[in-house]
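Asks: here is my input; please provide its structure:
(one chain, ligands or ions: 1)
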Amino acid sequence: MIAQLHVSPTSFINDLRELHRQYLPLRQGKIYVSEPDLVEINPDWFGICVVTVDGQVYTVGDWEQPFLIQSISKVFAYGLALSDWGRDYVLSRVDVEPTGDAYNSLIKVEENSKRPYNPMVNTGAIAITNLIEGKGPAHRLNRLLDMYRRYVGHRVFVDTPTLVSEQTAGDRNWAIAYLLRNFGMISGGIKQTLDLYLQQCSVIINCHDLAVMGATLANNGVNPMTGEQAIHSPYVKDLLSVMFTCGMYDFAGEWVYKVGFPAKSGVGGGIIGVVPGVMGIAVFSPPLDKRGNSIRGIKVCEELSRRFGLHIFEQTASKNLDKPTHK
Ligand code: DON
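Replies: Coordinates of the predicted model:
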């Protein structure tokens, strides 16, 4: 039973299976690779996983297939920067205003403060990574990986071939980092910051890991599988707020309107969704729309929200999966 939704496990898993069947034939979109022939990615990989705040796990399709976390990492790196520096200082470095721009749009900072607009676009994300504390590059990376471990429940690793190819192909990110330093919004070596940013993006996870990360945010920062506090609870709402308003880039407004729970996408094909107090949702399917969001991922989240009344502004009374009135 998912108590908050009044739904039985059998009925819920059947719904997930139905969505998987419904959207598998949707063969559109482009796959992201930083370098041709680096890896073989099957456009039909399609996994869904839901983890509830009391630790129930629902999996469908290719939920065990490893993929790159990519931009979904920006949410978690933001949490680490908040833990290191506190809300006021972090806000003085990176604002929380949606841009409506593409994730890698070239530098756009506030006129007077020179702050990047938000931590979900690359400009803000690179400035945030620059804030991650540590005695040197290895220590900073270890802190980042340990942060992921708390959310996921086991150690995760950087995919070296991806990292190397992203380092070579990342002219736009280099340009962003140089301009940020010019504005005084990052300090220290550009290469060190970019390396750490690309390392945080090149971590390998699967749908189950991502859903546990979502469930941890849904559960006030406590990993429901391990009981470990992954992030100081008061910062969870900061992460969810920027996910809600900026997590889907130039699709963020439509996402909030149609789906209505905080989410973040990555060009690896993953989408993480958080229904606060209820569950984390992860969908993985590599083909992306022109904004870099997983096409099947969006469909699954839209449909889950519609069927189960998951929009956060929808009245709790309608969150009743036993009443198939939404179908
Ligand atoms: O910064 C980049 O170019 C990538 N490594 C991450 C991009 C990403 O996932 C954007 N999200 N949709």
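
Asks: leaving out chain neighbours, which residue sits closest to residue 69?
Replies: Nearest residue to residue 69 in three dimensions, chain neighbours excluded: residue 203, at 4.8 Å (Cβ to Cβ, 6 or more residues apart in numbering). For glycine as for every other residue, the C-beta is placed from the backbone atoms N, C-alpha and C.

Asks: who in the protein is up against the ligand?
Replies: Residues of the chain lying near the ligand by Cβ under 6 Å from any ligand atom: 70-71, 103-104, 122, 166, 173, 201, 265-267, 292.

Asks: what packs against the host helix or strand of residue 75?
Replies: Per DSSP states H and E: residue 75 is located in helix 73-85. Using 3 or more Cβ pairs under 8 Å, 6 or more residues apart in numbering; DSSP states H and E as the contact test, the elements touching helix 73-85 are helix 87-93, helix 122-131, helix 137-152, helix 190-201, helix 236-246.

Asks: hmm, try it at 6 Å
Replies: If you count contacts as 3 or more Cβ pairs under 6 Å, 6 or more residues apart in numbering; DSSP states H and E, helix 73-85 packs onto helix 122-131, helix 190-201, helix 236-246.

Asks: list the buried residues in the last one.
Replies: The one in question is helix 236-246. By 16 or more other Cβ atoms under 10 Å, the buried positions in helix 236-246 come out as 236, 238-240, 242-246.

Asks: about what we covered before: could you dump the residues of the chain next to the ligand to JSON lines with neighbour count?
Replies: As requested, the residues of the chain next to the ligand are exported to JSON lines (neighbours: other Cβ atoms under 10 Å):
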{"residue": "70", "neighbour count": "25"}
{"residue": "71", "neighbour count": "25"}
{"residue": "103", "neighbour count": "23"}
{"residue": "104", "neighbour count": "17"}
{"residue": "122", "neighbour count": "25"}
{"residue": "166", "neighbour count": "23"}
{"residue": "173", "neighbour count": "22"}
{"residue": "201", "neighbour count": "29"}
{"residue": "265", "neighbour count": "30"}
{"residue": "266", "neighbour count": "28"}
{"residue": "267", "neighbour count": "22"}
{"residue": "292", "neighbour count": "21"}
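
Asks: picking that back up, now the buried residues of helix 236-246 as JSON lines including distance to residue 282 and pLDDT?
Replies: JSON lines is the format used below for these (distance: Cβ to Cβ, whole Å; pLDDT from 0 to 100):
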{"residue": "236", "distance to residue 282": "18", "pLDDT": "98"}
{"residue": "238", "distance to residue 282": "21", "pLDDT": "98"}
{"residue": "239", "distance to residue 282": "16", "pLDDT": "98"}
{"residue": "240", "distance to residue 282": "16", "pLDDT": "98"}
{"residue": "242", "distance to residue 282": "19", "pLDDT": "97"}
{"residue": "243", "distance to residue 282": "14", "pLDDT": "97"}
{"residue": "244", "distance to residue 282": "17", "pLDDT": "96"}
{"residue": "245", "distance to residue 282": "21", "pLDDT": "95"}
{"residue": "246", "distance to residue 282": "19", "pLDDT": "93"}
